[in-house]
Structures are given as C-alpha cells and as structure tokens.
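The following comprises the amino acid sequence and a computationally predicted model.
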Protein chains: 6
Amino acid sequence: MRLLVANPNTTPQVTELCATAARAVASPGTEILPLTGRFGAQIINSRAENAIAGHAMLEMLAENVAGADGVLLAVSYDTGLLAAREVLPVPVVGMTEAGIAAACLLGTRFGLVTFGTPFIYQELVAQQGLTGRLAGIRAITASPKDAYADPATVDAKVADAASALVAETGAEVVVLCGAAMAGMPARIRDAVPVPMLDGIAAGIGLLEMLVRLKPAKARTGSLAHPGQRPTQGLSPALAALLAAGA
Amino acid sequence: MRLLVANPNTTPQVTELCATAARAVASPGTEILPLTGRFGAQIINSRAENAIAGHAMLEMLAENVAGADGVLLAVSYDTGLLAAREVLPVPVVGMTEAGIAAACLLGTRFGLVTFGTPFIYQELVAQQGLTGRLAGIRAITASPKDAYADPATVDAKVADAASALVAETGAEVVVLCGAAMAGMPARIRDAVPVPMLDGIAAGIGLLEMLVRLKPAKARTGSLAHPGQRPTQGLSPALAALLAAGA
Amino acid sequence: MRLLVANPNTTPQVTELCATAARAVASPGTEILPLTGRFGAQIINSRAENAIAGHAMLEMLAENVAGADGVLLAVSYDTGLLAAREVLPVPVVGMTEAGIAAACLLGTRFGLVTFGTPFIYQELVAQQGLTGRLAGIRAITASPKDAYADPATVDAKVADAASALVAETGAEVVVLCGAAMAGMPARIRDAVPVPMLDGIAAGIGLLEMLVRLKPAKARTGSLAHPGQRPTQGLSPALAALLAAGA
Amino acid sequence: MRLLVANPNTTPQVTELCATAARAVASPGTEILPLTGRFGAQIINSRAENAIAGHAMLEMLAENVAGADGVLLAVSYDTGLLAAREVLPVPVVGMTEAGIAAACLLGTRFGLVTFGTPFIYQELVAQQGLTGRLAGIRAITASPKDAYADPATVDAKVADAASALVAETGAEVVVLCGAAMAGMPARIRDAVPVPMLDGIAAGIGLLEMLVRLKPAKARTGSLAHPGQRPTQGLSPALAALLAAGA
Amino acid sequence: MRLLVANPNTTPQVTELCATAARAVASPGTEILPLTGRFGAQIINSRAENAIAGHAMLEMLAENVAGADGVLLAVSYDTGLLAAREVLPVPVVGMTEAGIAAACLLGTRFGLVTFGTPFIYQELVAQQGLTGRLAGIRAITASPKDAYADPATVDAKVADAASALVAETGAEVVVLCGAAMAGMPARIRDAVPVPMLDGIAAGIGLLEMLVRLKPAKARTGSLAHPGQRPTQGLSPALAALLAAGA
Amino acid sequence: MRLLVANPNTTPQVTELCATAARAVASPGTEILPLTGRFGAQIINSRAENAIAGHAMLEMLAENVAGADGVLLAVSYDTGLLAAREVLPVPVVGMTEAGIAAACLLGTRFGLVTFGTPFIYQELVAQQGLTGRLAGIRAITASPKDAYADPATVDAKVADAASALVAETGAEVVVLCGAAMAGMPARIRDAVPVPMLDGIAAGIGLLEMLVRLKPAKARTGSLAHPGQRPTQGLSPALAALLAAGA
C-alpha cells in the first residue's frame, strides 16, 4: 500500500517529521511518500495562508496521486480535505479529522491540545458535525519548533494542558493536534488520566482501514468528481486532474 | 491480537455468521473469538429486549475478556456499548458506531439501510452526536434470515434502498446495518452510486487500529471503571468485574 | 389508583424511603406499591450497574404490573424508562424526567442538584431533548445515606449548591435529583431564590394526571409493544410480558 | 383550589366552552373561574392580534388574580405566558405548553393538530426548547366554530390528520391544539394508533399538580417580579400589579 | 425617504435621543419621524412591560405609517417586531436585530453589551436563529440616564465590558444595545480591540438599504397581512389596520 | 466610495455583468471597480475549483485593495470570504452572505434559488450559523449563460422554483443566488408571493452601510491580520499583504 503524506507548508523539515511519524506506525508493507507544498506559508497559521494552501495541496496531490492508494493530509488544519476527496480517486483523510474520529471511539467528549489559536480547529470540529462532543481546546505556549528542540519541556506543557482540559471540561479523551506531537501520547500517558491520540498515528490507521475496505468512489453528490472542467493558469497536473472527468 | 465478537442475541447461528464476516476482513494474526448471549431475545428487536441484552452483553464479556485485546459488539444496536467501555480494560467498538465513523471519512452526509425499524438507529446516531450528518434511514422488507436464504433477492432490495436514499436525501455514503449485510457492499457496488460500508468490516478495522494505538484506559470521567462496587444476584464473573475496581 | 414505585437498587431501605415520600404527596385514594430490584448494585452509580438495572427493572415490573394503574421509576437515572414504556400497558414516568417536566413550567432554564457525578443526568436531559434549557448541574459531596443520617447538614449543602447554580448559571428553577432529596424543597425554600422540585413529588403528580387523562396505549411507533417475542432464560413474568404481544 | 381559565379572545362563547372543558376534568374541590378579553380580536389568528392580546391577557389577570391559586391560559397560542409567569404570584400554565409537556411523557416525538396555520405553534415549541421532539404539525380545514356546529365531521378530520401525522412523520403522541378540541381525544381514540391529548385537560392536571407542590415564587431571574415599576395609561389593576413590586 | 423611529417607552426624552442618533447617520434626503408610546412603562425593563409595549407599538405605528417608507423599532428589545412586520406595508427593522445583522458581517462571533439584564437579549438572538454565533452578553452597572448625564464614565464602563467580552469569550465584534449607546462606538474604538456597532446606526443603514431594494410585501406566510380581521376596543387606527386586509 | 467587485472566475464577461448589476444599485458617489480571477476555473462549480479560487481571490484583492473602501465578493460561493476579511483593512461582504442577511430582515425563514447544485450553499448557510432559518434550496435547470441569452425563459424558471419553494417549504423570502440573477427580483415580483433579493444588490447596499459606519478593523481574534508572515512562491502583492503585519 502506497500512502501520500502531504504537507502543504513549504518547510521540508516539517514534512520529513510527519513522514517519520507515519512510518513509525504504518503496517508492514505500507509505503509512505512525503510531499511538501511548493508555494505559500512556511508554517500555515491564518485563514489566508490556509486558503492559499488549499491550492498548493491540490497541486501537489495532482502531481503525485498516480500509483498511490490513499492520502493523509499532514497538516492539522486538514487543508483542502473535501476538495481533495472530491477530485481524487483514492481515499483521503485529514490528520485532525482522523484524531477526532478515533477519539470518539474512546470517550463521550473529546478535547484538543494545539500549538496555535483554537478557532480553525473549532470550525473543523463543526465541519465534522461534532461540536456537541467537543469538550474544549487548549493552546500551549510553544511552537512546533520547540517540540523538536526541547521535547521534554513541550511534553510537560502538553501533559499539563491535557490534564487541565480533563479537569475543567470533563474531556474523556484528548487529541494532540499537530505533526510535532506525533508519538507524544505514549510518552506522557502516565501524566494524563484519559487516553490521548495523535492525528498522524490515527490517520495512518484509518487510511489503512479504508484502503482495505475498498469503498467505491462516489459517482454522485458533493464528493463526486465534477466532470471535465476547463481551467487556465494552473499547473499541468492539476489542470489535467480537473479536465479528466469522473 | 485476540478480538471478541460479541452477539447478545441468543441465536448461535447469527454469532457464527458475524464471526465468519469478521474473519474475512481481519488482518493476518488477528484471532476472532465469537460469543453468544445466554439469555434474552432470539433476535433483539425492541427497546425492552435491548435493555435485557445490555445485561446479557456485560455478563458474557465479563466471562471472556481475560486475554482479549478488544471487543466488537456484533449487534446493530450497539447494545451496552458505553457500559462495556466503562468497565472493560480493552477497547470496545460497536458495529453501527464503526460503520458510521468510517462513513464520515467518505461522505459529508451518510444514510443507513437496516432490516428493522429505524428509531433505535436514529437514537444511536444522536448518541454519537452525528444527527447533523445523517441523511436518512431506510428499512427493507426482509429479515436477516432472508439474507442468508436468498441473498440475491436481499442484495437487490438493499441496493434499491441505498440508491433511493441517495436520490431522495443526498446521502453520499451508505452504512449497511446488520450482521447479515456483512460483505454485501462489494457485491452491490455497481448498483449504487456512492460508497457503502458494513459495520462488521469497519468495526474490525477500527478495532485493529485502536489496539495498535494502545491508548490508555480512562482513569477519570464517565468511562473510567467505577471502582469496587458490591452487587448481588449477578454471575460470578460479572460480579467480580464490578468488584475489581479500576 | 394503584401506582408502582419501582426502585431497581437492591437496597430495600431506599425503596421504603421513596415509598414514604410518594405517600406524602399522593392524592387521597392513591395507593403506593413499592418494589425493590432483585439483582444488581446496592446503589446504582455507573453505566454498567445502570445497564444491569434495566433488566432488573423490567423483571420486577413484569411481575407486579397486573392491577397497577401507573409506574413511577424511583431511581434518579430513570433506568429502563423507554423500555418499560414500550412493553407496559400503563403510563410510566421517571422521577428525573418528572422533575424536569415540572421545572419547565416554572422557569425558562433549570438546574439539577445531585448526589453523584453529573454525566448520566446530562445524557438524560439530552434524551428528553431539553439540553437547550439546562442551566447546569451541581453535585454535592454527600451521599444519600448522609441525607438520612444528618439531614440538616445535607439540606445546607443542597441549598448552597442550588444557590450557586442560580448565581453562576442563571438557573430559574432547580430540580433536586435523588430519592433522598424528596421533601427537601419545602425545608430549604427560604435559602434559595428560585423554586425547587423533587422528582418523587413531581412524578407522583404527573402520574396521577396521566392516569386520569386515560391516554390510549400506542399501537405503533417505538413505544408500542413489539408483539409476540420469544425469549430464553428470563423470569417467567418477563418472558410472558414479552410473549404476550400487543 | 381556585383556577383562572383566561381566554384573551373577546368572544365569551369561546371562554364558556373552555370553562366547561376545564370543569369536566378538574378534581373535586377545584373551582374554575373563566375570564374573557376586554379588547382585541374576536378570534386571535395573527401575530399582531396575538401581540395585542398579550396586553389584554395581563389586564384581565391583574384584575382577577386576587384569591386565585393558579392560571390556565385558555388560548392555544399561550398568549402572554412568560409575562404572566413573571408578574403573578401563582403558577401559570399555557394550554399548548401543557399538552406538549404531557405528550413528552407518552411518546418520544409528538405531533400537533391545529385549526390554524402552524407557524406560531412551531415558534411555541421552539420557545419550549423542544423542536428536536416535534414530529410535525397538521392544520385541518375547519374552524373552531365548525367543531361546535358539526362535531362528528370535525372529529373525523382531526382523526384523519392525526393518523396522517403518525404515518408520515412517526409522531408517537398527538396534541390537539385548540379549546374546541377539548374532550376530543376520548371520542377518536380508536381511530388513531397513538395516544392523544388536549391542552385544557392537560393544563388543568398540570396546574393542580403545581398548586399542590407549592413551589416558591422566583425572587431572581427572568421570571421574578421586576419590582416597583411606574407606568401610565394602563388599567388600575394592571398598573397596581406592576407598581406593587416583588 | 421617510422613516419612523418608534419608541414604545412612554418617555419622550428617550425618543428624542433616538431620533437625534438616527438623524446623525441618516443619508441626505432621509427624514426621521420620531414616535413615543402612549401607554405602558416609562422605561421597559421586564417581560410584562414588554408585552404591554407590543400593543402600544402597534397602536402608534398604525396611526403614523401612512406616508412612511420604513420603520425602525427604537427599543433594544425589538418590541413587536414580527407583529409590525406582518401588518405593515413597509419594511420594519428592530434596532438590536439590526446591530446583530451588521455584526455578523464583521466577526464570526458577536457579543452584546447592555444596560439591563441579558435574558431578553438572549431570547432575541435565539429568535434570530443566531445563538450559535453569540459569544456572550455583558450588562454594565449604569442606566441609560447615566449615559446622558455622565457620558465619559459610562463610555469607560462600556469599553471595559466590551474588552472583557473579547478577552473572555472570543467575541470578534460587539453590539452596543440601547439607544443611549448610539454614537458610542466611535468614541471608544481605541479602547476595544474589535469593531463595535450600535443598533440605531446599523438600523438606519439597513432600513435605507431595504427601502432602496423595494422588496415586495409577503402575500403568504407568517408575515403576510392576516386579512380583514374584526376587533373591539382598539384605537381606530389600529382597528382599521387590522380590518383593512392585505 | 470605491468598492471592489471581485469575481474569481476567469471569465471576464461574468465580471462585467456583476459590475453592471452593482452599478445599477450603487448610491451616487459609489465607484465600482471590477476584478477578474487570473487563474482557475472559467466558471467555478466544484469544491476543488472553489479551493483554487480562494487563492486567486486573495491574489487579485491584494493587488487592488489600495485605495478601495470595501470589497464585494461577486461569486455566489462567497469564495475566500473569511480569509479576505482577515487580511484586508476594509470591510468585505460575500454576495450570498449579503442576500441571506437582508432576507432575514424580511422573513422568518428564507429559501435559495440557484443555478447549480445546492450543497455548497447549504454549507455557506451553516457557516453563517443560519441553518435553522433555511427553508430550502432549489436549483433550476439552466446555466448563467442561459440567463443572459434567454432571460424570459430563465425568469420563468426562477419564478416557478421560487414559488415552489414557498409552497413546499414555507419560505417567506427567497434569495436568488448567482450574479446572473441580479435585477431579476423586480422582473418576477408579481409571480412570486414573497419578497425576493439578489446578492449583488443586497451586497452593495450592505457594503455601503458598513463603509459609512466605519467600524474598526479587528486587532484580535480570527479576523485580525495574522502579523508578519513569510511566504514563498506567491505574487508580490499577496506576499506583501501577508508580510505587512497588522
């Protein structure tokens, strides 16, 4: 099984960290193919950067989807999720969507711990229709870069934030949002009284499940390919993907 | 990995069919251990039978959980789901919950096709907090028994119901609810314009993912073990499970 | 009018206290018949115990419903409410459901004060579809046993919790959840600035109203009797109730 | 117990019919005191007429509340419900609110059958926070006047509408909205497969329960009396009620 | 364009302040015609006073609507909004409704700052269907009278309350509710980190837009004129408005 | 006042039609500056095309915002709305958002008539938090091109669709979505029994109101400029807009 791990940030180091985390949890026989965004923000952290990254995401997926069995969006904003699901012939899973889906199997209400401001996560949860199960979101005062430079300190901050979420909101499971938190649940499990998940690990697991289930591609509805669509000014691969039809 | 496939109906044939479907999708190395309810309805089809089956489910899980890595509730009402998740030390997944969780990764709104009346399914969806993504529910005029006796006819009825759901409600993915529909998605995929899933296949996949993620057991909240609880009149194993404490 | 007051806890003292509270508010001519669970938890306080109690509740109601005009579930989790309503020929009311229904006639938003953890109450409110009117839930650090041993202290704790709910959440009426709080509203009314209700008193009142209205039993829908259902391993009365048909 | 049955329509015949229906279900010892609106529409059937009737309702209640133990709003729009509950020292129940509250004890989802257009009823249900339990509303092509002139024909229309609601929406209980439908549930119970309720009967029953429970008047919140309020141009009794303070 | 600015409080000074604020923002050629309530509360501050004011509002609009192009309800409870919209032939906008509608174009979630208790505002937001976008409501400890007597002090209190709303609730825009806050956004904009709006300014702007768009009057639905309605005891103009038909 | 009318489709004819419609309703002194997308779909009609257009929209706004007072997104999917609102210093309004905001001032529940499939509109309504007021969506079998080529036929189709929405869903006001429907409400008002609006007209009106109100730019929250953000591969103007800081 060949899975794309697609990071629309333009920073290749982030991509490589995501790929490493993905490889650590992938089943034997699963090949991880990392991708990095060609244009846009170094680290996406606003609505506008995220909007631009939707284009960058589609461009890199169009160029690399041939031969792949599935796609993991390795960006905690799940950038371009529904658009990619619409035009690609293979299953597509977002890492935050994945963490939340798995969390719902472990707790009645889930919390999120993030590096950045909570608003886009709140909207992602709403888009999944799961606002009623969201206990709360806590942002830690550290960056992904800190997580790589000083993991012990960031581990402790995340554990504190997760424990506070549990105590204050009744969260029964916590999703750690951000590729830099991949692998962290195992390290801090004794410090937090509820199960934790990271989106890369959950996403690879869910994607492997979907690829094995071999669901048909939708031929109607909002996630069917829109048909032969003429465009201008796009990269050849992206133009071809849209022009190809269903 | 050893997974219990627990059917609280008192009809062993249904259990065996569930186990067969589970074995068909399980990964190499996953062992399926089927369980059948000791008391209650032959085929659960009402609120009262389902309430009784909650007790039967807990009783058989208490007797068999030692050595197991996870539990799939092989009953489309997900009978006793939260109670089992609370007191057992391993992950527990309900088959309808599983089908819906996977469906949410494939379509923005999902439909359900069932053998029986829709009301308990509607309440299960509400319990998952996903009412906003439910497109609709269609019941077919056939029984699980029919599905084994005359699969071609029931396949056609399910395909018709699923297609009608898509046309009338905009469902973008359809979950086939009922162990007797296991394996059906592959057979009727050409007849229905959106992806389909069955709960046994999705449930085994999700359970394997959870077992591999090794999430901690909650030590607080509504799904933590309630502590050393004295009871009377229960089976020894169930009494011991409740008395054991966290 | 003969009303069953059914307590699925296996502790007869709790039953007798519920019956006493019920008799204190019943109209002249209303006879109260107390019932105690045969198996399960001494005091139900978890999801698993509540699931087991659903069976115990149905069993004792099946044995005693002949000649009764209505049923009050004398357990603050309203254990087995919809299942009992489905299979019994007479009106069934849960004590927490009752307290909430009456509260909605007195305030725009209601609060709950309980002895135990709030989560099951929150789910009961959601099941009633009234989450939008729930101001909040406060648990006091005392047990039902304390309420009987040292009522003045527990009265004060409940009054404080109710007043805090009003001040912090804007609750306009407070339901005291738990049989051990029956009769308490009258004792602490000067200490709390909004009306209070207990579920036994409200439940007996609502049940008397329903019995007098003589509503027909549903012949269709999720609360109609499911028809002649074969079972195994159940008590003779419960098996007969399910086998009887509508 | 003395209960006001307050009809803000300016048609005394409607008042008398409500009073007759109320007396038919009242307990021994309950005295029914009918009131009729002094100004406004003969039969309220629009938002503007209903807004005017809010004033008329308060005026007549202010003049007559002395010595009363409770108030039933005998108008299916529950005109002035929260305003009356705020300023009066006794329990106030609206007839549609009452029918819905009782219906929620009999079915998981309720339907309404009305003489007029459904929109105000839909908003009343929303105000009660119960939109999630509303199965649907059906208006019959007949007037309250027809119900008195030709009850058999109107009974049949209501039975047909109620049965259609059940078949098409899954309503499990039906509330008949309108004073002219008082007593109808008993007459048509064989023709409709679910229980039915009328608001006058349910309202008298709920009011008797509340009066017996003797809940305190709110001293804070949106239903506390607003305090000594100066006004101009109002009837002496209404001015005095507002000026009186809490 | 002639716009009625209708204040149902019986205090003419309040009316004049509203009119002044309206004239300050009206486009050239827009004439502002102020109206004051004939009966009821001097300053509406309760449900009962608001119910009475609904009648007063309709009465004064009926007397003055001839020749007007639109109506602004200059009362922060938007008293009688839907009733006026139903029976009048011209657009009607409530000042709080207006502030909220404009706020939704500036922030994803809005807050409200008021002089009085928040409950009616909460219900107004619910009536607009916008509860999901309400971040919170803060009441300041000052009266409208204070705002005119000591504007600097009240400005500071409003700025503090607005800033607290932003910090504590994530409000992205704040609506200042109350005619006495008209013009305040410009004065305190440096002290609050999000945009602010007042209802008079927004209301005049929205009304001018609607008048220019010349939308048809509804001929069906809950906001169509109810037809020729007989009444008694009303002012001649109001009786004539209801009797006129569509 | 200078308003950008920004069409991210790459078809200049569509832009010109939007600009003409905007000029027809703009106040004297308002200058309309039309913009056309540089890359992407000729006519956006899918999620992927819309995602790409988000980038195109930001690029053209970055290049042209200097000197402008406000921005109308002249695309019925309101492409890039929140991203543009975040990074631009002036008010931004989407045409569908605008039509809906104005519609809420005219009816309690609104319907939409569109040229294309309804799903993205449904999600736009949800993003506005107004799902509870959406009566329904109807798509007509015609293209924007048809609307220009054969307006009488398309007018009739739209009138039929709007009338059907009113009859079947109770919509009390209808928004015509699509620039090609600008000006249509006036032509078909006699054929439809409720008011209608088009997004260009409503959008220009709302934008003029906002520009006159001079609300401050948010300095915090999800719509504040994210600060000095480094990027790569973007157009110089867009890179500069992101790098500029707040």
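Received, thanks.

can you tell me the residue of chain A closest to chain E?
residue A:119 (7.4 Å; C-beta to the nearest C-beta). Placement of C-beta: from N, CA and C, glycine included.

In contact with that residue: list those residues for me.
E:108, E:170, F:221, F:222 (C-beta atoms under 8 Å, 6 or more residues apart in numbering or on different chains).

is it true that residue A:170 touches residue A:107?
No - judged on C-beta atoms under 8 Å, residue A:170 makes no contact with residue A:107 at a distance of 9.5 Å.

what sits in contact with each of the two?
residue B:221.

check which helix or strand covers the residue nearest to residue A:122 when sequence neighbours are not counted.
Spatial nearest neighbour of residue A:122, chain neighbours left out: residue A:137 (6.5 Å); criterion: C-beta to C-beta, 6 or more residues apart in numbering or on different chains. Assigned by DSSP states H and E, residue A:137 belongs to strand A:134-139.

can you check residue A:4 too?
Assigned by DSSP H and E, residue A:4 belongs to strand A:2-7.

Tell me which residues are up against that strand.
For strand A:2-7, using C-beta under 8 Å, 6+ apart, the contacting residues are A:14-15, A:18-19, A:22, A:26, A:30-37, A:57, A:60-61, A:64-65, A:67-75, A:179, A:200, A:204, A:207-208, A:211.

The helix or strand just after that strand versus strand A:2-7: what angle between them?
Sequence-wise, the next helix or strand downstream of strand A:2-7 (DSSP H and E) is helix A:12-25. Going by axes from the mean of the first three to the mean of the last three C-alpha atoms, to 10 degrees, helix A:12-25 is angled at 140 degrees with respect to strand A:2-7.

which element follows helix A:12-25 toward the C-terminus?
Sequence-wise, the next helix or strand downstream of helix A:12-25 (DSSP H and E) is strand A:31-36.

buried stuff in that next one?
Residues A:32, A:34, A:35, A:36 are the ones in strand A:31-36 that count as buried (16 or more other C-beta atoms under 10 Å in any protein chain shown).

pLDDT added to the residues you listed, as TSV?
Shown next, in TSV, are the buried residues of strand A:31-36 (pLDDT from 0 to 100):
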residue	pLDDT
A:32	98
A:34	98
A:35	98
A:36	98
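
Adding distance to chain D, write those residues out as JSON lines.
Formatted as JSON lines, those follow (distance: C-beta to the nearest C-beta, whole Å):
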{"residue": "A:32", "distance to chain D": "44"}
{"residue": "A:34", "distance to chain D": "45"}
{"residue": "A:35", "distance to chain D": "44"}
{"residue": "A:36", "distance to chain D": "46"}
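
of the contacts of strand A:2-7, list those near chain F.
Counting by C-beta under 8 Å from any C-beta of the partner chain, residue A:57 from the contacts of strand A:2-7 sit close to chain F.

circling back: more neighbours, residue A:170 and residue A:107?
residue A:107 (26 against 21; other C-beta atoms under 10 Å in any protein chain shown).

what residues does the helix or strand of chain A with the lowest mean pLDDT touch?
Using mean pLDDT, DSSP states H and E, the weakest-scoring helix or strand in chain A turns out to be helix A:144-149, at a mean of 84. For helix A:144-149, the external contacting residues (C-beta under 8 Å, 6+ apart) are A:14, A:17, A:43, A:115, A:153, A:154, A:178, A:179, A:180, A:181.
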